[in-house]
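Chemist: my questions concern the predicted model and sequence given below.
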Amino acid sequence: MPLSTQSQADDEQYVLVASLDNARNLSNILKAITFKDHAIFNATPNGLKVTVEDSKCLQANAFIQAEIFQEFTIKEDLVGFQVNLTVLLDCLNIFGGSSVPGVSTALRMCYGGYGFPLTLFLEEGGVVTVCKINTQEPDEPIDFEFCSTNVTNKVILQSESLKEPFSELDMTSEVLQITMSPSQPYFRLSTFGNSGNAHYDYPKDSDMMELFQCTKTQTNRYKMSLLKPSTKALALSCKVSVRTDSRGFLSLQYLVRNDDGQICFVEYYCCPDEEVE
Amino acid sequence: MATMSCVLEGNRVKVAPYCVAAFGKAIHALSRIGEELWLDPMVKGLALRSVNSAHSAYTCFLFSPMFFQHYSLGSGSEQGSATIKCKLLMKSVLPLFRGLNSIERNVERSQISISTPSDRVTIQFFCRHGITKTHNLHFQESEALQAEFASHLCPNVLKAPARLLGDMVMHFPVFQEEITLSMMPLSVSFRNYCEAGNDHMKMMYTEMSLHPDEFDYFQVGVDSDITFCLKELRGFLSFAESHSLPVSVHFGATGNPVRFYIKDMVLEATVVLATLMDSEKRGPSQPIGPPHPSSPRCADAAALPAVSYEADGSKPQDIPAVTELITSSQGSPIINPPALMQLLSPVDDPDRLSVSDEACPSATTTPASTMICSLLFRALSSEQDDDGCAARLPVLACHSDAEEDMEEDYRRSPSL
């Protein structure tokens, strides 16, 4: 493969080199968090974390562990930069993104450090494309201070059961209300739209409910416009964990299997719109 | 397959459809006609109706109580009194039934309740894995739609499996607005309707003829060409095909409305469409009748005056009054501004139409319970007014609060 013929010497200049035989293993998961143009990349020896934020109320993170990559070399403990995510995705799909089996785009992503562009070497069918994307200094991702000890309610559902309701949510509703309770209705999604309201109830003993740990009844509302993008992550995932903490902050964690069956994670954090007792 | 139950208690109607997908398919068909859905729970069953904005297409689906696993009406209500008539926006209801495949896979039971105190229609889907979807929709109290169509006065009757009609209609492109059905003693033909003025070189003309033997029933009383809106019929035909039901078609001379009707043990459905007054065109070179530049052609029918028509010797007073009269419990008056004649059933004597003004007052005072109220039977209640005044009432689908608007509608050119 042409990419592998790059001389070792070239690599000396990069602080981060990550290679994938199938660029879709990166592009698919990035699509799940592309609701804003810019993304913060943070790489550590453990892997890559990509963060997208919206109006200081919503944060989405995609985690791609080092093991997913065919090659993952990092020279520092933490390498961070910011790029235009839309441009990055366009480059990753530069060969048209067809899903013919056996044909995939290979990727070699290289970063020289502060001040350098993000360089992508993409190859498919013997054709190589080099893309250089300007980077910016990374913003500090918001710390939502969401910690496990503060979690009041947690459920894990099979994504299958949520996909349809999420895709048919009444978009005339400004909010998505989530009720979690140790008693009826256990887990409920509600919308309040122009024609009326709708409720989706998941009982705690449903066979779609893998885990149900609710300690107190909580109802929180979140802006629909903030949560709707999470539908993409839901569509890719097989399981989702929904957690709320004592402040009503929401954490959604999606377990995503990529083309090769490897596991990646996407998580969304969202501030409540208003407290509803 | 989901089981259906309909429970009514208090002042509420609760329905759990026998086959939710069938109910959903009816909603789809209704949505092709109008933007509002009238729900009318009656002793005879639950009627769903819609009418288009030009009032040139009307449809009614009546699900008898047997369609439901459980069906009950508000307690303490006598027949017809204090029943709920509610009107919903189609765009509120249709999304709930959009994914018919998904409904068939996932929905085990559905329950529909109508509650007047809270002005809500509650539609619940009990799905697999214990998941419940509850939708509470606001409704408006409304006069029920009324429609009359004297099918038995129609000289032309066809009955064919839905499949046959579906196969005919399939040959017309989706954008084809109107088609012409021509009936002659030895054949029935369907062709697309083309307005003169269109570039004939770009049009594709399609015509199909059928021999009377193709039909389960064929009765030709008068040669006629009727041109009606196909788009509005497609949803109905699709429903009929999915239930493998034969479709009856009743119509008369050019310009008179046409009725399509299906029925089985547990449901019946009807579509009444206005037809163009001047659909004698047989080819591209024929000139069109009165020009209505931008209005949809079917709606043009609405602007045209009533045509008196010679029935085959049958006179209204010899025949029991109108076959179907779906009335509101409030007994709202039946409006007949002259412009609404497009849905008139054939009547012998146009003079009788003026009688309907006098007939109207009595119609308003007749309690709903004494009037015919079911499509299911297509029979006439013996309690119908003795003077048969209903037969002389103009056939139309309207709601009484829009009478002033109707006059306006027909002056200008409505767009579909």
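Modeler: Done, it's in. Residues are numbered from 1 along each chain as shown, chains lettered A, B, ... in the order given.
Chemist: quick check: which ranges of chain A have low pLDDT?
Modeler: For chain A, applying pLDDT under 70 flags the ranges A:1-11, A:97-99, A:274-277.
Chemist: where do the helices of it begin and end?
Modeler: For chain A, the helices defined by DSSP state H occupy A:8-11, A:24-31, A:85-92, A:159-167, A:224-227, A:230-236.
Chemist: and the longest one, anywhere near chain B?
Modeler: If I follow you right, that is helix A:159-167. Yes - Helix A:159-167 is in contact with chain B by Cβ under 8 Å from any Cβ of the partner chain, via A:161, A:164, A:165. The C-beta positions use only the backbone N, C-alpha and C, and glycine is treated the same way.
Chemist: coming back round to it: with mean neighbour count added, can I get the helices of chain A in CSV?
Modeler: Shown next, in CSV, are those (neighbours: other Cβ atoms under 10 Å in any protein chain shown):
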stretch, mean neighbour count
helix A:8-11, 10
helix A:24-31, 20
helix A:85-92, 19
helix A:159-167, 17
helix A:224-227, 20
helix A:230-236, 20
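Chemist: got the buried residues for the one helix or strand residue B:47 maps to?
Modeler: Assignment of secondary structure by DSSP states H and E places residue B:47 within strand B:45-51. For strand B:45-51, a neighbour-count test (16 or more other Cβ atoms under 10 Å in any protein chain shown) marks B:45, B:46, B:47, B:48, B:49, B:50, B:51 as buried.
Chemist: and these, which is closest to residue B:173?
Modeler: Closest approach between these and residue B:173, by Cβ to Cβ: residue B:50, at 24.4 Å.
Chemist: just give the nearest non-adjacent residue to that closest one, would you?
Modeler: residue B:34 (3.7 Å; Cβ to Cβ, 6 or more residues apart in numbering or on different chains).
Chemist: that neighbour - that's part of a helix, no?
Modeler: No - under DSSP: H, G, I helix; E, B strand; the rest coil, residue B:34 sits outside any helix and is assigned coil.
Chemist: for the strand holding residue B:47, name the packing helices and strands.
Modeler: In terms of contacts (3 or more Cβ pairs under 8 Å, 6 or more residues apart in numbering or on different chains; DSSP states H and E), strand B:45-51 is packed against helix B:20-31, strand B:36-42, strand B:57-63, strand B:68-72.
Chemist: and the angle for that strand with strand B:36-42?
Modeler: With axes from the mean of the first three to the mean of the last three Cα atoms, to 10 degrees applied, the angle from strand B:45-51 to strand B:36-42 works out at 160 degrees.
Chemist: neighbouring strands of strand B:45-51 in the sheet, and parallel or not?
Modeler: Applying DSSP bridges, strand B:45-51 is found paired with strand B:36-42 (antiparallel), strand B:57-63 (antiparallel).
Chemist: pLDDT on it, on average?
Modeler: The pLDDT scores in strand B:45-51 average 91.
Chemist: next, the angle from that strand to helix B:20-31.
Modeler: Counting by the same axes, to 10 degrees, strand B:45-51 lies at 30 degrees to helix B:20-31.
Chemist: only alpha carbons, please: show strand B:45-51 as CSV.
Modeler: Extracted C-alpha coordinates of strand B:45-51, given in CSV (Å, rounded to 0.1, in the frame of the first residue of the first chain):
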residue,chain,number,x,y,z
GLY,B,45,-69.4,2.6,14.8
LEU,B,46,-66.6,5.0,14.5
ALA,B,47,-66.7,7.2,11.4
LEU,B,48,-63.6,9.0,10.1
ARG,B,49,-64.2,11.7,7.5
SER,B,50,-62.4,14.2,5.5
VAL,B,51,-63.2,16.7,2.8
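Chemist: kindly state the beta-bridge partners for residue A:178.
Modeler: Beta-bridge pairing for residue A:178 (DSSP bridges): residue A:189, residue A:220.
Chemist: er, residue B:51 I mean
Modeler: residue B:58.
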